[in-house]
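Chemist: The sequence and its predicted three-dimensional model are supplied below.
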Amino acid sequence: MNEKEIVAEEAVKLVEDGMVLGIGSGTTIAVFLEKLGERIKKEGLEVYGVPSSYQSHFLALKAGIRIVDLFEYSELDLCIDGADQIDKNLNCIKGGGGALTREKIVSQASKRFIVIAEERKFVDKLSMPVPIEVIPFAYGHVVRKLQEMGGICKLREGSGKLGPVISDNGNFIIDCNFDEIENPKELELSLNAIAGIVENGIFCNVDEVILGSKDGIKILKR
């Protein structure tokens with residue numbers, strides 16, 4: 001069993017009959033949904049979910065999860081998501097798959113937010129480029145502001161099409177390198193104060209992290 005399967009199986013144990021889940025995106029969440037689907041089928045659970053991307057929407061349907069939205073359920077019981085990088089204070093960088101805005105919405109809408117990831121993603125300080133979702137109209141303005149903050153910007157481009165990646169919300173994604181991030185919360189707030197930025201991939205609201213390693217799991221809590 002690999003590390004993604006280990007953490008996915010641990011996270012599936014947290015799901016109870018009748019729960020409303022915030023569902024993240026990415027490869028680890030795909031494994032989680034597959035294993036949750038097995039449990040739903042075996043135990044006859046009724047689970048509701050608010051997916052953060054079209055990918056998760058399709059996978060959740062396949063798993064037997066009843067898709068709902070934040071109109072019906074403004075507060076969710078539990079959010080499960082992956083991460084691209086996690087620091088020692090459980091701050092995360094997410095958004096490698098471009099779903100950062102909806103991921104942050106469902107995480108903040110949940111009573112409990114748990115990140116599942118491989119141990120290699122755990123670092124002392126966040127340092128990878130921060131994904132930033134930007135309204136196309138504001139692109140030039142936002143890049144200038146980010147450069148003034150010391151960021152090095154790269155517009156994310158698709159591998160299967162020419163031109164920029166377009167988010168599920170119809171926006172551009174900029175990957176901005178700030179090197180080591182000393183104060184993630186401060187940077188998160190500063191980025192979102194720039195007009196034209198919809199959301200950024202710094203998550204400082206994680207309650208618990210489940211890390212998978214060759215030796216099993218580690219559970220980290222705030």
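Modeler: Okay, I see it.
Chemist: is it true that Lys94 touches Pro131?
Modeler: Yes: here Lys94 lies in contact with Pro131, judged by Cβ atoms under 8 Å, at a distance of 7.4 Å. All C-beta atoms are positioned from the backbone trio N, CA, C, and that covers glycine.
Chemist: residues shared between the contacts of the two?
Modeler: Listed contacts common to Lys94 and Pro131 are Leu100, Gly201; contacts here mean Cβ atoms under 8 Å, 6 or more residues apart in numbering.
Chemist: Pick out whichever of those two has more residues nearby.
Modeler: Using other Cβ atoms under 10 Å, the more surrounded residue of Lys94 and Pro131 is Lys94, with 29 against 25.
Chemist: can you map out the helices along this structure?
Modeler: Shown for the chain, the helices assigned by DSSP state H span residues 3-12, 27-43, 54-63, 100-108, 139-148, 184-192.
Chemist: Quick one: closest of those to Asn171.
Modeler: Taking Cβ to Cβ, helix 100-108 is the member of the helices of the chain nearest to Asn171, at 8.0 Å.
Chemist: And the average pLDDT for the closest one is what?
Modeler: Helix 100-108 comes out with an average pLDDT of 98.
Chemist: Just the C-alphas of it, formatted as CSV.
Modeler: In CSV, the C-alpha atoms belonging to helix 100-108 read as follows (Å, rounded to 0.1, in the frame of the first residue of the first chain):
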residue,chain,number,x,y,z
LEU,A,100,-7.7,26.8,-4.9
THR,A,101,-10.7,29.2,-4.7
ARG,A,102,-13.3,26.6,-4.3
GLU,A,103,-11.1,24.5,-2.0
LYS,A,104,-10.7,27.5,0.3
ILE,A,105,-14.4,28.1,0.3
VAL,A,106,-15.4,24.6,1.3
SER,A,107,-12.6,24.4,3.9
GLN,A,108,-13.8,27.6,5.6
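Chemist: Identify all contacting residues around it.
Modeler: Residues contacting helix 100-108 (Cβ under 8 Å, 6+ apart): 22-25, 50, 52-53, 70, 76, 79, 81, 94-95, 113, 131, 133, 167-169, 171, 198-201, 203, 205-206.
Chemist: Return the members of those classed as buried.
Modeler: Buried subset of the contacts of helix 100-108 (neighbour count, 16 or more other Cβ atoms under 10 Å): 22-25, 50, 52-53, 76, 79, 81, 94-95, 113, 131, 133, 167-168, 171, 198-201, 203, 205-206.
Chemist: Any regions of this structure where pLDDT drops low?
Modeler: Scanning the chain for pLDDT under 70 picks out nothing.
Chemist: Break it down into its structural domains.
Modeler: Using the TED database, the domain parsing of the chain gives 3-122+204-221, 130-200.
Chemist: Just tell me which of the helices of the chain ends up closest to Asp87.
Modeler: Closest approach to Asp87 among those (Cβ to Cβ): helix 184-192, 7.1 Å.
Chemist: buried set for that closest one?
Modeler: Neighbour counts over helix 184-192 (16+ other Cβ under 10 Å) mark Pro184, Leu187, Glu188, Leu191 as buried.
Chemist: Check whether the second one really touches Cys204, as I assumed.
Modeler: No: Leu187 lies out of contact with Cys204 (Cβ under 8 Å); the separation is 9.6 Å.
Chemist: hey, where'd the strands end up in this protein?
Modeler: Counting by DSSP state E, the chain has strands at residues 20-23, 48-51, 66-67, 78-81, 85-86, 92-93, 113-118, 130-134, 152-155, 172-177, 197-200, 202-203, 208-213, 216-221.
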